[in-house]
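Undergrad: here is a sequence together with a model predicted from it:
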Amino acid sequence: MTLTVDRLSVRFRLPHATVDAVSDVSLRLRAGECVALVGESGCGKSVMVGALLGLLPGNAEVAGTATLTTDGSTVDLLDTGEDELSRTVRGRLVGLVPQSPTSHLTPVHTVRRHLTETIAALRASPKNPNRRDRRTALNADADAAAGAVGLPTTALDRYPHELSGGMAQRAVTALALVGEPALILADEPTSGLDTPLVHRTLDELRRLVDAGHGVLLITHDLDAAARLADTVAVMYAGRVVETGPLTEVFDHPRHPYTRGLVNALPRNGFRPIPGMPPELTALPAGCPFASRCADAGDDCDVRPELSIHNGRHVACHRPC
Ligand SMILES: Nc1ncnc2c1ncn2[C@@H]1O[C@H](COP(=O)(O)OP(=O)(O)OP(=O)(O)O)[C@@H](O)[C@H]1O
């Protein structure tokens, strides 16, 4: 499995403005690898995931390419129609752990029904289907899928409105993983979970990575990223501003924004980055981080491209 994203851009047309939510993002994710996309709220992480799965609203203009190669066949995710995406891609090749779990669950179906219907849809029917055996097998598989993410079996017979936030999160995680898709897009998979469940969810995702799946982890939790990911891409105002092996990037950040994120961690003194990101409707011509950057100079009036500085990809004229 290889996901290759090349210069992906997403622009939303609004009646009186355009929102440049994602600009020229490129990344590569291979089987057995986890790439974390990190950055502040609103920097375009979820929009990127939506673009990869054809889940953006009609006012989105998507440019660039995103190809997924599995078992010798390649799908161009940005150029595949809705029918094909729902029949062969979503849930089978690509699993999504969505950011807002309850909006992805049908209110009148129990969690068990969500899981058993998904499992049945993903699998070919057995040759001699005995209804009772089939139902027993589906229920056993639903129990196993729930167990893998720490969802108690008692929660399986509840409706979405009867679930706590953490249970809903685990239910959608179980749904995303049940088809063992080659690529897993995990959008804030640990939000709303307490610490033991955060660890359990990350451990389950790591097990899948070690078994050869690819995971794109979207998070603003740097510790979750550090626990799971091999590679990190730091996003700011719709762009990747630094990328490289996670330990190297977090231990020795080269972009002033990455350094700011690392310094804002409680264990590093909780020093927040001053100022706010720019409006995506009015991005500056130069470096989008310049107004918040202590190191900015005249050269930052020109937008820096992602380029290699001392072996690291950084979009900065004055890397640390
Ligand atoms: N349908 C839309 N129309 C216009 N703008 C949109 C639309 N959907 C998202 N946006 C804008 O795109 C930008 C990126 O949003 P996105 O949800 O990807 O951010 P994020 O990095 O995932 O943040 P968070 O962690 O808070 O979800 C935001 O400014 C958001 O307001």
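TA: It's in.
Undergrad: from now on I want contacts and neighbour counts done on CA atoms only, so please keep to that.
TA: Will do.
Undergrad: close to the ligand: what parts of the stretch 1-150 of the chain are there?
TA: With the criterion set to C-alpha under 6 Å from any ligand atom, the stretch 1-150 of the chain comes near the ligand through 12, 19, 21, 41-47, 57.
Undergrad: how many other residues sit next to the residue in the stretch 51-200 of the chain positioned nearest to the ligand?
TA: Ranked by C-alpha to the nearest ligand atom, the top residue of the stretch 51-200 of the chain for proximity to the ligand is residue 57, at 5.8 Å. Using other C-alpha atoms under 10 Å, residue 57 is surrounded by 10 other residues.
Undergrad: same thing with residue 269?
TA: 10.
Undergrad: quick one: contacts for it?
TA: residue 263 (C-alpha atoms under 8 Å, 6 or more residues apart in numbering).
Undergrad: if we can go back for a sec, looking at this, the residue of the stretch 51-200 of the chain closest to the ligand is in a helix?
TA: No. Residue state for residue 57 (DSSP: H, G, I helix; E, B strand; the rest coil) corresponds to coil; a helix is not indicated.
Undergrad: tell me where the chain has helices.
TA: Taking DSSP state H as the criterion, the chain carries its helices at 45-52, 82-84, 111-122, 131-148, 165-177, 195-210, 222-228, 246-251, 256-263.
Undergrad: helices or strands next to the fourth one in the packing?
TA: What that stands for is helix 131-148. helix 111-122, helix 165-177 (3 or more C-alpha pairs under 8 Å, 6 or more residues apart in numbering; DSSP states H and E).
Undergrad: okay, those helices, which one's buried deepest?
TA: Neighbour counts (mean count of other C-alpha atoms under 10 Å) averaged over each of the helices and strands packed on helix 131-148 peak at helix 165-177, with a mean of 25.
Undergrad: just how off-centre is it within its chain?
TA: 15 Å (C-alpha atoms, centre = their mean, to the nearest Å).
Undergrad: could I get that helix in CSV with only the CA atoms?
TA: Coordinates of each C-alpha in helix 165-177 appear next as CSV, following Å, rounded to 0.1, in the frame of the first residue of the first chain:
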residue,chain,number,x,y,z
GLY,A,165,-18.6,10.7,23.9
GLY,A,166,-15.8,8.2,24.5
MET,A,167,-18.0,5.2,23.7
ALA,A,168,-19.2,6.9,20.4
GLN,A,169,-15.5,7.5,19.6
ARG,A,170,-14.7,3.8,20.2
ALA,A,171,-17.8,2.7,18.2
VAL,A,172,-16.7,4.6,15.0
THR,A,173,-13.1,3.5,15.5
ALA,A,174,-14.4,-0.2,15.6
LEU,A,175,-16.4,0.5,12.4
ALA,A,176,-13.4,2.0,10.6
LEU,A,177,-11.1,-0.9,11.5
